[in-house]
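Trainee: Below: sequence and its predicted model.
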Amino acid sequence: MQPKVSEPMVIMGRVASAFGIKGWVKIQPFSEYVDSLLGYKTWYLGHENGPWREVTVAQCETHDKTLAAQFPDCPDRTAAEKLKGLLIAVPRSSLPTQEEGEYYWADLIGMSVINGAGETLGTVIELLETGANDVLIVRGNGPDVLIPFLNSVIGPVDVTTKTIQVNWSADFLL
């Protein structure tokens, strides 16, 4: 077992499945741009609360809205299948700093969404880029809800408490 990484990590995606027979894996990125992980030759694999294992990326390429990657210690499909479900992270210090009011998609995923009436609408499970604006996909007790990431809808985002305040009625969920 690898020692726990002491530096804060940002989850950038997850291993979705094995890809082919030569040890490649399919990666579902959690970033705005599919190719955001291509600039990092070292990733960390693990679970949300660790432990994280440092891996070198031997090869990585985009495939539509996913990535395909190969690691040196993953020689075949059987080894790749064992990685399914693991999260991919990079150290927060390796990411560019954000301007005020900017957030990494990876930071928004998992946040609770609460409206002005104090009602919890659910948890952000994914973001969509629509061209006009980004959209939060929020999963609660009913069907998933799409909430536009617009200044008129999104209120304070608190990364510390992992909450997003929204100007969105629970009536819109029906």
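Mentor: Thanks, I have the structure now.

Trainee: Show me what the helix or strand of the chain with the lowest mean pLDDT is packed against.
Mentor: Between all helices and strands in the chain, the lowest mean by mean pLDDT, DSSP states H and E belongs to helix 105-108, at a mean of 83. Applying 3 or more CB pairs under 8 Å, 6 or more residues apart in numbering; DSSP states H and E, we find helix 105-108 packed against strand 9-19, strand 120-129. Glycine gets a C-beta too; all of them are placed from N, C-alpha and C.

Trainee: mind listing what the residue most central in space within the chain touches?
Mentor: Geometric centre of the chain, nearest residue: residue 30, 3.1 Å, by CA atoms, centre = their mean. For residue 30, the contact set (CB atoms under 8 Å, 6 or more residues apart in numbering) comprises 11-14, 105-106, 109, 126.

Trainee: Mind doing that once more with 6 Å?
Mentor: 12-13, 105-106, 109 (CB atoms under 6 Å, 6 or more residues apart in numbering).

Trainee: try residue 19
Mentor: Residue 19 touches 25-26, 68, counting by CB under 6 Å, 6+ apart.

Trainee: Chain neighbours aside, what residue packs nearest to it?
Mentor: Of all residues not flanking residue 19 in the chain, residue 26 sits nearest, at 4.3 Å (CB to CB, 6 or more residues apart in numbering).

Trainee: tilt between the helix or strand hosting the one you found and strand 120-129?
Mentor: Per DSSP states H and E: residue 26 is located in strand 24-29. Interaxial angle, strand 24-29 versus strand 120-129 (axes from the mean of the first three to the mean of the last three CA atoms, to 10 degrees): 120 degrees.

Trainee: Dump the C-alpha coordinates for strand 24-29 into PDB.
Mentor: Written as PDB, here are the backbone C-alpha positions of strand 24-29 (Å, rounded to 0.1, in the frame of the first residue of the first chain):
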ATOM      1  CA  TRP A  24      -5.200   0.600 -22.100                       C
ATOM      2  CA  VAL A  25      -8.000   2.100 -20.000                       C
ATOM      3  CA  LYS A  26     -10.800   4.500 -20.900                       C
ATOM      4  CA  ILE A  27     -10.900   7.600 -18.800                       C
ATOM      5  CA  GLN A  28     -14.000   9.700 -18.100                       C
ATOM      6  CA  PRO A  29     -12.600  13.200 -17.500                       C
END
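
Trainee: Let me see the mean pLDDT of that strand.
Mentor: The pLDDT scores in strand 24-29 average 95.

Trainee: Could you identify which of the helices and strands packed on helix 105-108 is most buried?
Mentor: Ranked by mean neighbour count under mean count of other CB atoms under 10 Å, those are led by strand 9-19, which reaches a mean of 20.
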